[in-house]
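1. Turn this into a structure:
(chains A and B)
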Amino acid sequence: KAGVTQTPRYLIKTRGQQVTLSCSPISGHRSVSWYQQTPGQGLQFLFEYFSETQRNKGNFPGRFSGRQFSNSRSEMNVSTLELGDSALYLCASSLFETAGGTQYFGPGTRLLVL
Amino acid sequence: QKEVEQNSGPLSVPEGAIASLNCTYSDRVSQSFFWYRQYSGKSPELIMSIYSNGDKEDGRFTAQLNKASQYVSLLIRDSQPSDSATYLCAVTGRWGKLQFGAGTQVVVTP
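-> Here you go, the predicted model:
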């Protein structure tokens, strides 16, 4: 079974721009969660989608948004990029909602904001 | 207080020895507990999951859970250089969010 895939793998943007990251979960998995990982803050939860509905949201500003499609693929968008948004963005999929399922991570998208 | 706390390390362990990693969590109603391993520049990969009090063994890894003390640990027996990585403790809290600790860096020395 193919694992979680994320595109693009690397991205360089400038402040004020917006960015869209994509995640394809493991086949059959209906839950997709997004995380931001930085050296200073560690892994921080952004949001979780299950069956196209946002189930949980972390403590991030409204510039961070996401959605999930009927095929379970998910996208996250960051508008008006700031330098502090430079991070590794990880997507994880699970069969069930996070509370009941084990999550499997994709390789991540490394975003650099200049 | 952070919801999931781990010693940051580095934890230096001689090859062949046992590495002991600890994690405490603040939400008493947490139900699911996980250990992930993350190599430098890579994404986290699941090592163990544990849901009930006691020990759970998988190969060289043993996870221990004590809900009364809000404590979960990971033992790595016969440590190998390939075990050198950052180990992340993750806990599912009352709202279903998966909260991660900052991770413990383990360095296995030959």
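
2. check which helix or strand covers the residue nearest to the spatial centre of chain A.
-> The residue lying closest to the centre of chain A (CA atoms, centre = their mean) is A:W34, at 3.1 Å. In the assignment (DSSP states H and E), A:W34 maps to strand A:31-38.

3. Is there contact, residue-wise, from that strand to chain B?
-> Yes. Contact of strand A:31-38 with chain B (CB under 8 Å from any CB of the partner chain) involves A:S33, A:Y35. For the C-beta atoms, the positions are set from N, CA and C on the backbone; glycine is no exception.

4. thinking the residue nearest to the centre of chain A is in contact with A:S65, fair?
-> No. With contacts counted by CB atoms under 8 Å, A:W34 stays clear of A:S65, the gap being 10.2 Å.

5. Can you check which residues contact both of these two?
-> Contact criterion CB atoms under 8 Å, 6 or more residues apart in numbering or on different chains; residues bridging A:W34 and A:S65 by contacting each: A:M76.

6. about what we covered before: which residues sit in contact with the nearest residue to the residue nearest to the centre of chain A once chain neighbours are set aside?
-> Of all residues not flanking A:W34 in the chain, A:L46 sits nearest, at 4.0 Å (CB to CB, 6 or more residues apart in numbering or on different chains). By CB under 8 Å, 6+ apart, the residues touching A:L46 are A:S33, A:W34, A:Y35, A:Q36, A:K57, A:G58, A:F60, A:F64, A:G66, A:M76, A:Y89.

7. For those residues, pick the one with the most neighbours.
-> A:S33 (29 neighbours; other CB atoms under 10 Å in any protein chain shown).

8. re earlier: can you lay out the contacts of A:L46 as a markdown table showing pLDDT?
-> As requested, the contacts of A:L46 are arranged in a markdown table below (pLDDT from 0 to 100):
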| residue | pLDDT |
| --- | --- |
| A:S33 | 94 |
| A:W34 | 96 |
| A:Y35 | 95 |
| A:Q36 | 96 |
| A:K57 | 90 |
| A:G58 | 90 |
| A:F60 | 95 |
| A:F64 | 98 |
| A:G66 | 97 |
| A:M76 | 98 |
| A:Y89 | 98 |
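
9. circling back to that earlier point, can you tell me the strand partners of the strand holding A:W34 and which way each runs?
-> strand A:42-50 (antiparallel), strand A:87-94 (antiparallel) (DSSP bridges).

10. need the least confident one among these, by mean pLDDT.
-> Sorting the strands paired with strand A:31-38 by mean pLDDT places strand A:42-50 lowest, at a mean of 91.

11. May I have that strand as CSV, with CA atoms only?
-> Output of strand A:42-50 as CSV, limited to C-alpha atoms (Å, rounded to 0.1, in the frame of the first residue of the first chain):
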residue,chain,number,x,y,z
GLY,A,42,8.3,21.2,18.0
LEU,A,43,5.3,19.4,16.4
GLN,A,44,2.2,21.5,16.7
PHE,A,45,-1.3,20.4,15.6
LEU,A,46,-3.0,22.6,12.9
PHE,A,47,-6.2,20.8,12.1
GLU,A,48,-7.9,17.5,11.4
TYR,A,49,-10.3,16.6,8.7
PHE,A,50,-12.5,13.6,8.6
